[in-house]
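> with the sequence up front, the predicted model follows.
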Amino acid sequence: MNVKEEVNKHPKNSRRQFLKKGLIAGAGVAIGSGLVTAYIDATATETGEKVKVLTTDGEIMEVDQGLLKLPRVSRTESLKGIPGRKFVMVIDLGKCKNARKCVEACQKGHHLPHSQEFIKVYLLQDSEKTAPYWFPKPCFHCDNPLCVSVCPVGATYKRTDGIVLIDNERCIGCKFCMTGCPYSTRVFAWKHYPEFDEDKEPYSPEASSPGKEGTVSKCDFCPDLVRVGKIPYCASACPMGVIYFGDVDEDTVTNGTETHQFSQLIHDRAGYRYLEVLGTRPCVYYLPPVDRQFEVESGFADMNQEIIDRYKETPYSIKNKP
Amino acid sequence: MELQNKDPLQVFAPQLERTSIQGYVWIVFLLVVIGIGFYAFLQQVYLGHEVTGMRDNVVWGVYIVNFIFFMGISYAGALISGTLHLFKTAWRKPVIRMAEFITIIALLIGPCFILLCIGRLDKLHYLVIFGRIQSPITWDVIAISTDIFGCFIFLYLSVLRDIARLRDYELLQLPNWRKKLYNVLSLGYTGTPEQQKRLNRATDIMAAMVIAIAIIVYSVLAWIFSVTLQPGWHSTIFGPYFVIAAVYSGSAVLIVCMWVFRRVYHLEAYITKKHFVAVGVIMLVLAAFFGYFTFSDYLTKWYGSEKNDELLIQLLFKEFYWEFLFSNYVGVLLPLLVVGIAKLRTITNITITAVIVVLALWLNRYIIVVPTLESPYLPIQESRAEWLNYSATWVEWSLTAAGVAVFCLLFTLASKFVTIIPVDGLQVEEKKEDVLV
Ligand code: SF4
Ligand code: SF4
């Protein structure tokens, strides 16, 4: 089945429906005409699972997941950012139960080994009497990113759409950005992990894959997915819909099933940014852990005792304070 | 005083001409240590940085500690010899060359340790091609290369007279190539009044420059830490603190070198207790400053502590208790006592103190680097056990040992090339001092 036919099947889908379906508004618009078809790999095998992609003229088309080839743009292209966009993420702490599906999907999508986590889930407790909560933490794509300032070779950069990327072909692995980032976001490839070889496509900073020994990488907000109208791996994988992704200028965020007006959501739910005091101006907002849907302990479900103990021992978390 | 009546080169020539059996054993030993280090390095290159104890939390470990340490002692020469030279301190002659050797040798080793931290040595040239001036690492690259350049010139100027003397010394039993080398390196210096004048001026200028550059380099190095937001590093005092710690460690290394060369080359007549006490007093003053800076830094962190400072202090007082005690109490108080109390002020005591100070300052850097990285803003909650805490592996330790061995080896070789005590003007110096006494 070719692409044209696929498109013709859903000629009437409107932009609003698209929004309701929970895909990112306008992701395709910025892409030059005809580009969407360029992302279709006709030789690949179909999986039967359909995804919706927005064409340049605002049309929706449904494409087989297996046929969809994520764009791998060059370094020069990746420096620019997607025009007219400013990405944002909202994480609803009330719904997180440490299911770790975000971590797994991210690792799979980026071809990462078990020891490299672009998104980490912490167990935080702000003070003795306050309640502990699970805290998923991607890169904050700070508007004042210290990691970018300290890089000696310009291997990490901030784009117009707000995304902070790393080019591992430029990175010399000095790890200064790792100490520069106050949020322990960045990971280092301490050796060549076999997972890196799974990815046969050419490297692109937007895909953060394939990884390279001796360089730094981190959460990239999945601009390659965003370019084809999808939301990041973590956001679509979370069964609780904890992670919303969207655009500040369009004032929309979505977790794949619900779409919200970003400003309204932050206003109504008292959204905040983590460690605002550090002045890094993150692009990731948190909704406080109120109206919990799960007990914190349910997050320990599949863990062995040793790891559970480790969580309890660390500063800031449960039972730490003497 | 028989010694003063003959050409000092007569006394010093044997150390250039002959190497004893022990000398060869020593050199072979050093080469073995360096060889093991090289093997460790190959392991790191082929198996990846995984062979070190560093992980995503503690991204810099013993390597960066060694880097700071060697850069630090390199200022022994830069600041101590520069200052002694500028103030024309009477007793400086017998120790000044050692100080200069320490500077240049440590300065060659220090940056190698930072290279060991770098994940992709194959792309090292990017630092120059794509260098961004906003990054403190670029400041460091510029500062360190300027420093190496400046220190080389300073050292060269100060050995020039001796090289000329060696060239002119007929009785020297050395292979021809060595003599030719002296001939080339002496740049036709014969000691005419005009040459003397120029050389003196050039040395004065370089001495002043080297002092300035050394301060800049060490401050820049401190800023690599203090520009970040990490608890414990984000401190305005770090620049001057690092400079003081550097000169302090340098003065201690100088004392150790004085002791070693005094014994090995039998320089008892030249390096006397007076010199040990004099450098000891410098060390004492620096110890006081260092103690004051350390106290001031930790007091402010502890007294009005933010949550993360508090966690860091807790870590320092619990897990790093002994290291903290040793580096920041013993390392400060011991020189004050030993050099401060006249009765304790013997050559042996001062040297033992210096050894302890060197170790204490190495540890001081360790507890600046590692505990901070072990107490990030977000707690370390790893499902991967090996990611939790830092402990250096054999690779890091062997490379550390290799660094020390390279230091000793280059020092040994340098002392075979030019005399460890400047011979030019030595007699005059001694006589003047006799008058002073
Ligand atoms: S969270 Fe860290 S890595 Fe991400 S942009 Fe901010 S400073 Fe950089
Ligand atoms: S590790 Fe790479 S990205 Fe990070 S500061 Fe160094 S060169 Fe830049």
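Thanks, I have it. Ligands and ions are numbered 1, 2, ... in the order given.
> and B:Phe242, what does it touch?
Counting by CB atoms under 8 Å, 6 or more residues apart in numbering or on different chains, B:Phe242 makes contact with B:Ile68, B:Gly72, B:Tyr218, B:Ser219, B:Leu221, B:Ala222. Every residue, glycine included, has its C-beta placed from N, CA and C.
> 6 Å - rerun?
B:Tyr218, B:Ala222 (CB atoms under 6 Å, 6 or more residues apart in numbering or on different chains).
> what is the burial count for A:Phe135?
Residues within reach of A:Phe135, counting by other CB atoms under 10 Å in any protein chain shown, total 21.
> so who does B:Ile109 touch?
Neighbouring residues of B:Ile109 by CB under 6 Å, 6+ apart: B:Phe70, B:Gly403, B:Val406, B:Phe407.
> what's the helix or strand harbouring B:Val184 packed up against?
Element membership for B:Val184 (DSSP states H and E) is helix B:176-185. Where contact means 3 or more CB pairs under 6 Å, 6 or more residues apart in numbering or on different chains; DSSP states H and E, helix B:176-185 is packed against helix B:136-168.
> secondary structure element holding the residue nearest in space to the middle of chain B?
Centroid-nearest residue in chain B: B:Ile73, 1.9 Å away (criterion: CA atoms, centre = their mean). Element membership for B:Ile73 (DSSP H and E) is helix B:62-75.
> how about the residues of chain A near ligand 1?
With the criterion set to CB under 6 Å from any ligand atom, chain A comes near ligand 1 through A:139-142, A:145-147, A:164, A:181, A:183, A:185-186, A:218, A:280.
> closest to B:Gly82 out of those residues?
Using CB to CB, A:Leu146 comes nearest to B:Gly82 of the residues of chain A next to ligand 1, at 35.2 Å.
> in ChimeraX, select just the buried ones from the residues of chain A next to ligand 1.
Typed into ChimeraX, the line below selects the buried ones among the residues of chain A next to ligand 1, using 16 or more other CB atoms under 10 Å in any protein chain shown:
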select /A:139,140,141,142,145,146,147,164,181,183,185,186,218,280
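> geometric centre of chain A: which residue is closest?
Centroid-nearest residue in chain A: A:Phe221, 3.7 Å away (criterion: CA atoms, centre = their mean).
> tell me if I am right that that residue is in a strand.
No: with DSSP: H, G, I helix; E, B strand; the rest coil as the criterion, A:Phe221 is coil rather than part of a strand.
> now it. Nearest residue, chain neighbours left out?
In space, A:Phe221 comes closest to A:Ile163 once its chain neighbours are excluded; the distance is 4.9 Å by CB to CB, 6 or more residues apart in numbering or on different chains.
> next one, pLDDT for that neighbour please.
Confidence at A:Ile163, expressed as pLDDT, is 96.
> identify the residues contacting it.
Neighbours of A:Ile163 in contact, by CB under 6 Å, 6+ apart: A:His141, A:Phe221, A:Pro223.
> cutoff 8 Å now
By CB under 8 Å, 6+ apart, the residues touching A:Ile163 are A:Gly81, A:Phe87, A:His141, A:Asp220, A:Phe221, A:Pro223.
> now, which of those residues sits nearest B:Leu171?
Closest to B:Leu171, out of all of the contacts of A:Ile163 and judged by CB to CB, is A:Asp220, at 72.0 Å.
> which ones are touching the closest one?
Each residue near A:Asp220 by CB under 8 Å, 6+ apart is listed here: A:His110, A:Phe118, A:Cys139, A:Ile163, A:Leu165, A:Ile166, A:Pro205, A:Glu206, A:Ala207, A:Ser208.
> between the residues you listed, which is closest to ligand 1?
Using CB to the nearest ligand atom, A:Cys139 comes nearest to ligand 1 of the contacts of A:Asp220, at 3.5 Å.
> tell me how many other residues surround the residue nearest to that closest one when sequence neighbours are not counted.
Nearest non-adjacent residue to A:Cys139, counting by CB to CB, 6+ apart: A:Cys219, 3.8 Å away. Per other CB under 10 Å, the neighbour tally for A:Cys219 reads 27.
> verify the stated contact: A:Cys219 with A:Cys106.
Yes: between A:Cys219 and A:Cys106 a contact is recorded at 7.4 Å, counting by CB atoms under 8 Å.
> and after the helix or strand that contains B:His275, which helix or strand comes next?
Assessed by DSSP H and E, B:His275 sits inside helix B:273-303. Scanning forward in sequence from helix B:273-303 by DSSP H and E, the next helix or strand is helix B:307-318.
> helix B:273-303 and that next one, what's the angle between them?
If you take axes from the mean of the first three to the mean of the last three CA atoms, to 10 degrees, helix B:307-318 sits at 130 degrees to helix B:273-303.
> which other residues reach stretch B:341-360?
Residues outside stretch B:341-360 that contact it (CB under 8 Å, 6+ apart) are B:73, B:248-249, B:251-253, B:255-256, B:259, B:273, B:276-277, B:280, B:283, B:287, B:326-328, B:330-331, B:334-335, B:337-339.
> can you do 7 Å?
B:249, B:252-253, B:255-256, B:259, B:273, B:276-277, B:280, B:283, B:326-327, B:330-331, B:334-335, B:337-339 (CB atoms under 7 Å, 6 or more residues apart in numbering or on different chains).
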